[in-house]
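Participant: Task: produce atomic coordinates for the following.
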Amino acid sequence: MSLSNIILGITILATALIAGLYYGYSCSVTIGLNKLSNKEYISAMQSINVAIQNPWFFASFMGTLFLLPISTYLNFTSMQSPRFLLLLTAAVIYAIGSFGVTIFGNVPLNDMLANVDLKTATADEISMARQKFENPWNVLHNIRTIATIISLALCIIASINASSES
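Facilitator: Predicted structure coming up:
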């Protein structure tokens, strides 16, 4: 068991954790939130957006961002190496499609929603805030979910490829 294989295994685990979080959220939380009234929806999303900012999430979310390039580097043998190209592609897709979309898309929408004061906002203001938030946020969430699942699949293929090359 080489260092590169150990790091690749950890990379796959971290990527799988984020892919699972996004996928599970899409399959359950989004569907459940959709059934809430506007005020309940915004209150729930405000709470979720605060709760997600925890060490466990950041360890896997940021860890994947660092582990993918490290795995790519450790598995470089040539520019034509299938394992290297799979991991490089996974790293780029994750960096842009998951991390980038989250930082430049979902987080600004979360910040916008955090500014809605449910104690003083009118029903129309709350409704408008949900309209500005929900669909754009869900589209971005779907993009990052798909990107992370693709990154995970590429890592798994690279791992299988690594096993067959050994």
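Participant: Show me the residue at the heart of the protein, geometrically.
Facilitator: S98 (4.5 Å; C-alpha atoms, centre = their mean).
Participant: Go ahead and confirm it touches I149.
Facilitator: No: using C-beta atoms under 8 Å, S98 is not in contact with I149; the gap is 9.6 Å. The way it works is simple: take the backbone N, C-alpha and C, and place the C-beta from them, glycine included.
Participant: one step back: for the residue nearest to the centre of the chain, give me the pLDDT.
Facilitator: pLDDT, S98: 98.
Participant: do the same with M79
Facilitator: As predicted, M79 sits at a pLDDT of 88.
Participant: With N138 as the reference, measure out to it.
Facilitator: Relative to N138, M79 is positioned 38 Å away (C-beta to C-beta, to the nearest Å).
Participant: And the helices in this protein?
Facilitator: Ranges of helices within the chain are 3-24, 30-34, 38-51, 55-74, 82-93, 101, 107-114, 123-165, based on DSSP state H.
Participant: can you list those helices in TSV and add mean pLDDT and mean neighbour count?
Facilitator: Formatted as TSV, those follow (pLDDT from 0 to 100; neighbours: other C-beta atoms under 10 Å):
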stretch	mean pLDDT	mean neighbour count
helix 3-24	96	19
helix 30-34	96	12
helix 38-51	97	16
helix 55-74	97	17
helix 82-93	97	21
helix 101	98	20
helix 107-114	97	15
helix 123-165	93	18
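Participant: Overlap in contacts, S98 and I149.
Facilitator: Both S98 and I149 are in contact with Y22, where contact means C-beta atoms under 8 Å, 6 or more residues apart in numbering.
Participant: I'd guessed Y94 sits against L68; true?
Facilitator: Yes: counting by C-beta under 8 Å, Y94 touches L68, with 5.5 Å between them.
Participant: who touches both of these two?
Facilitator: What both Y94 and L68 touch, as defined by C-beta under 8 Å, 6+ apart, is the set 15, 151.
Participant: isn't A44 right next to L33, touching?
Facilitator: Yes: with contact defined as C-beta under 8 Å, A44 reaches L33; the gap is 5.8 Å.
Participant: picking that back up, separation between the residue nearest to the centre of the chain and L140?
Facilitator: 10 Å.
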